[in-house]
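Asks: Below are the sequence and a predicted model for it; my questions follow.
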Amino acid sequence: MRESHIMKIHYATALAAVGLVAVHILMRLTQGFAESLEYENVVANYQFLPYAGLLEIILILLSIHGFNGLRVILLELKQGRVYEKAVSYGCLAGMIALIAYGSRTIFMVNMGMM
Amino acid sequence: MAQAYEIDEKKTPTSKTITLRIARFNPEHDSDTTFMDFSVNVEKWTTVLEAILDVKQHFDHSVAVRYSCRQATCGSCGMVINGKPRLACFTKVSELNSDTVTVEPMHNFPIIRDLAVRFDRLFNTHHKVKPYLIRDDSEITSNTTKELLQSPEELEQFIQFSNCIKCGLCNSACPTMATDSSFVGPQALAQAYRYVADSRDKGKDTRLKIIDESHGIWRCHFAGSCSQVCPKGVDPAMGIQFLRGYMLGFRS
Amino acid sequence: MNPHDEHKEGIGGMANPRRYGIERVAYWLMRLTGLGLLGYFIAHIYETSNILRGRVGWEEFLDLTQTTEGHIFMTLVIGMCVFHTVNGIRIMLGHGGIGVGKPARPDYPYIPASQNSRHKIGIYSAIVLAAIAMMYGMAVMFGE
């Protein structure tokens, strides 16, 4: 993948995440911060399909943006063919693992599998 | 360890004595940089280069420093003066507002000796972005008298960037260059823009492809330090952002 | 080639925000907040996975975060998030060549057009907005 494509994805994920995270935070504030964190409310949030979808999209967007940002920082710190490959694949693996772990939570709570 | 040298020179009523700290390092037999202190008399108009040459003349002729034109045209005397990359011939001691002036070799350039550094990487990256007009050969070779006309407005698009004297101060100040040995660097990127913006040039796509790699233009984060230290007003940060504007579709 | 051969300034030079004005400070803060937010995001994903442990597991973990230290940490996260967002938008616009000035024949003393007041205002706005968001966050979290 060309670096310009990766960086366009980096910018796009950032812009999309700004809007969606704002909705996520507003959901906490409209319910009252402490109240929104109560077990029943959190489960209800997860089981409301549009909100679960929103969380899944945020999870994907921020994982891509965050791990690509980490990749950029690490690539600039040290160079070398092996190191750079390890950083790129390591960040990709981290990104996939985080998405998988987060998706598992969203999916299981949404399906009532707790 | 710092060593101190002083000369009992006759001072003029307007002169002032400052301490010039010069970094000494010879990679052939030194393991680390040491500093030597010299007391030098300076006038309001004395440049750092003149102070160094005074040291060479009166105290230690072995101080290695590269210089030529003494008028900020050749780009030879770039060095770190009181922590910031500057041209020694273009920096007056009086403007530093300090009684101690520390001179060190530019960062991110291998040291030859003392204040003299190697420019191989800068010239390689400069060459890499094809710093010349790219046109279809037949346009020029078949008609050697052909003129490539430009309007003043077209000239204005790149004239600022053609002021680059390849002094390397921008590369020395760049935060990415501080750790990234493979980064193209602000000097070469600004020169890529200089030719891409030239209405006579047809090499935009070629150059954009060259700099679109993992240590290319995307490793610039617009910290702007390059532009702040440029002694010729080139403003590499501006050129780099314009160049990236082409890649992001903001410019055509 | 060892680092001494290349004479690179290193991480200390890259991270030193003192020599080149507010733009370099913003560069440094952007990195720091980016790393901080990634760390928080990973922790947040782990934290929310405790819901799978049922009410007891969730409340047990929530108790750990609903403390004064937890609230101070969240306040920092809010500040990092707002700064990273606002400064990120400024940088994205700059990367597109927006607001970086126009090329022109430079005149001495060569003040770089790309380091203009629009971008400086953008950076200061990011800092001020982050501070306001932190205060609001503290009011919400400590007020309850």
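Replies: Looks like it arrived, so ask away.
Asks: As a check, name the ranges of all helices in the stretch 1-150 of chain B.
Replies: Secondary structure of the stretch 1-150 of chain B, counting by DSSP state H, counting those that start in this stretch: helices at B:48-58, B:120-128, B:137-141.
Asks: which one of those lies closest to residue C:60?
Replies: Closest to residue C:60 of the helices of the stretch 1-150 of chain B, according to Cβ to Cβ: helix B:120-128, at 56.0 Å. Just so you know, the C-beta spots here come from the backbone N, C-alpha and C atoms, and that holds for glycine as well.
Asks: What residues sit buried inside the closest one?
Replies: Residues of helix B:120-128 classed as buried by neighbour count (16 or more other Cβ atoms under 10 Å in any protein chain shown): B:121-122, B:125-126, B:128.
Asks: can I get the residues you listed in CSV with distance to residue C:112 and pLDDT?
Replies: Formatted as CSV, the buried residues of helix B:120-128 follow (distance: Cβ to Cβ, whole Å; pLDDT from 0 to 100):
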residue, distance to residue C:112, pLDDT
B:121, 24, 96
B:122, 20, 97
B:125, 21, 97
B:126, 20, 98
B:128, 24, 97
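Asks: Out of the residues you listed, which is nearest to chain C?
Replies: residue B:121 (8.4 Å; Cβ to the nearest Cβ).
Asks: Skipping its backbone neighbours, what lies nearest that closest one in space?
Replies: residue B:109 (7.3 Å; Cβ to Cβ, 6 or more residues apart in numbering or on different chains).
Asks: Might one say that the one you found is in contact with residue B:117?
Replies: Yes - between residue B:109 and residue B:117 there is a contact under Cβ atoms under 8 Å: 3.7 Å.
Asks: what's the overlap in contacts for those two?
Replies: B:168, C:7 (Cβ atoms under 8 Å, 6 or more residues apart in numbering or on different chains).
Asks: mean pLDDT lowest for which of the helices of the stretch 1-150 of chain B?
Replies: Within the helices of the stretch 1-150 of chain B, confidence is poorest for helix B:137-141, with a mean of 73 (mean pLDDT).
Asks: what does that one rub up against?
Replies: Against helix B:137-141 from outside (Cβ under 8 Å, 6+ apart): residue B:146.
Asks: after it, next one along is what?
Replies: Using DSSP states H and E, the next helix or strand after helix B:137-141 towards the C-terminus is helix B:152-156.
Asks: hmm, that next one touching chain C?
Replies: Yes - with Cβ under 8 Å from any Cβ of the partner chain as the measure, helix B:152-156 is seen reaching chain C through residue B:156.
Asks: Could you point out the helix or strand that follows that helix?
Replies: Downstream of helix B:152-156 (by DSSP H and E), the next one is helix B:169-173.
Asks: Which other helices and strands does that following helix contact?
Replies: Contacts defined by 3 or more Cβ pairs under 8 Å, 6 or more residues apart in numbering or on different chains; DSSP states H and E place helix B:169-173 against strand B:78-81, strand B:84-87, helix B:186-196, helix B:225-229.
Asks: any chance of the ones you listed in TSV, with mean pLDDT and mean neighbour count too?
Replies: Below are the helices and strands packed on helix B:169-173 laid out as TSV (pLDDT from 0 to 100; neighbours: other Cβ atoms under 10 Å in any protein chain shown):
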stretch	mean pLDDT	mean neighbour count
strand B:78-81	98	25
strand B:84-87	97	24
helix B:186-196	98	28
helix B:225-229	97	28
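Asks: List the residues that contact residue A:2.
Replies: Going by Cβ under 8 Å, 6+ apart, residue A:2 touches residue B:212.
Asks: how close does it get to residue A:60?
Replies: Separation of residue A:2 from residue A:60 (Cβ to Cβ, to the nearest Å): 21 Å.
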